[in-house]
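Novice: Got a sequence here, can you build the structure:
(one chain, ligands or ions: 2)
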Amino acid sequence: MIAILLGPPGAGKGTQAKRLAQKMQALHLSSGDLLRAEKAAGTELGKQAAGYMDRGELVPDSLIIEMMVGKMTQAKSILLDGFPRTLAQAEALDVGLTKHGLKIHRIINIDVPDVEVERRMTGRRSCAACGAVYHVDFAPPKTAGKCDKDGLDLVQRNDDKPEVVRKRLITYHQQTQPLVDYYSKHGLLKDVDGTQSPEKVETKVEAALA
Ligand code: AP5
Ligand code: MG
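Specialist: Ligands and ions are numbered 1, 2, ... in the order given. Next comes the predicted model:
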């Protein structure tokens, strides 16, 4: 099963993908997490991607397609988070999957309005070591500023500053939202209201995947 989680920045794609990957024994492939790991490791790809990410722009299609399409054979069940994000990426994914006799089974569009996105992103904190994600109000850690799993300091993502969040929303509406139409035509897209609690959203995403 290959499923795509679509939605604006801060919709909860990563939160839901982490929960469901564990439950469904699926591989969670997040293009954003992979890029941040490349950046932290100081690789050539990480260096090339850094400026785009920090400005709230998309990393060029050629770099992303090369990084992601080859990974589609890594597991039987895959949850894609943050990829594809442009029509060119969606088309390259279709071509890559067809080559391996694979196909997309479901696309879930997690719907959250811009004003809620801004609240979520400015309060998001994550563990630089294990990647666990929190929110200062909606999903707080047991001890303020410390990761529940390893006790290390929580950090704010560079691109969660208010001015970058606004730019990321513009980028989303211009370049990624057209994918909702593209995938509606495939007949595989289901919309889920992402404004409820993470638990309620999880139940809906799970039902939509079935
Ligand atoms: P990426 O890391 O993919 O960022 P994004 O799509 O902007 O999404 P986020 O990770 O910010 O949000 P999310 O939907 O995962 O929400 P989360 O679960 O964390 O990409 C970063 C950058 O990399 C891009 O800007 C681009 O430069 C580059 N990039 C990546 N992929 C690319 C591609 N394919 N092409 C080109 N460039 C690419 O939740 C957010 C917060 O809300 C958390 O604090 C969480 O605790 C909280 N929360 C979650 N669910 C709920 C809920 N139901 N109620 C209340 N709070 C909630
Ligand atoms: Mg994410």
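
Novice: Secondary structure of residue 5: a helix, I assume?
Specialist: No - Residue 5 is assigned strand when assessed by DSSP: H, G, I helix; E, B strand; the rest coil, not a helix.

Novice: Tell me the spacing between it and ligand 1.
Specialist: For residue 5, the distance to ligand 1 equals 8 Å [CB to the nearest ligand atom, to the nearest Å]. To be clear about C-beta, it is placed using only N, CA and C from the backbone, and glycine gets the same treatment.

Novice: Kindly report the same for residue 47.
Specialist: Relative to ligand 1, and taking CB to the nearest ligand atom, residue 47 is found at 14 Å.

Novice: Now that residue: closest residue in space that isn't a chain neighbour?
Specialist: Distances taken as CB to CB, 6 or more residues apart in numbering place residue 39 nearest to residue 47, at 7.7 Å, with adjacent residues excluded.

Novice: Which strand or helix spans the one you found?
Specialist: Assigned by DSSP states H and E, residue 39 falls within helix 31-40.

Novice: cool, residue 15 as well?
Specialist: Counting by DSSP H and E, residue 15 is part of helix 13-24.

Novice: and that helix, is it in reach of ligand 1?
Specialist: Yes - counting by CB under 6 Å from any ligand atom, ligand 1 has neighbours in helix 13-24: 13, 14, 15.

Novice: by how many degrees do that helix and helix 31-40 diverge?
Specialist: 100 degrees (axes from the mean of the first three to the mean of the last three CA atoms, to 10 degrees).

Novice: A helix includes residue 101, no?
Specialist: No - applying three-state DSSP, one finds residue 101 to be coil, outside a helix.

Novice: now it: how far from ligand 1?
Specialist: From residue 101 over to ligand 1 (counting by CB to the nearest ligand atom), the distance is 23 Å.

Novice: neighbours around that residue, how many?
Specialist: 6 (other CB atoms under 10 Å).

Novice: can you give me phi and psi for the residue of the chain most remote from its centre?
Specialist: The outermost residue of the chain relative to its centre, with distances by CA atoms, centre = their mean, is residue 143 at 26.1 Å. The phi/psi pair for residue 143 (degrees, to the nearest 10) reads phi -110, psi 130.

Novice: Next up, the contacts around it.
Specialist: When contacts are counted by CB atoms under 8 Å, 6 or more residues apart in numbering, residue 143 touches residue 151.

Novice: And residue 36, by the same measure?
Specialist: residue 53.

Novice: Tell me how far it lies from residue 82.
Specialist: Per CB to CB, to the nearest Å, residue 36 is found 11 Å from residue 82.
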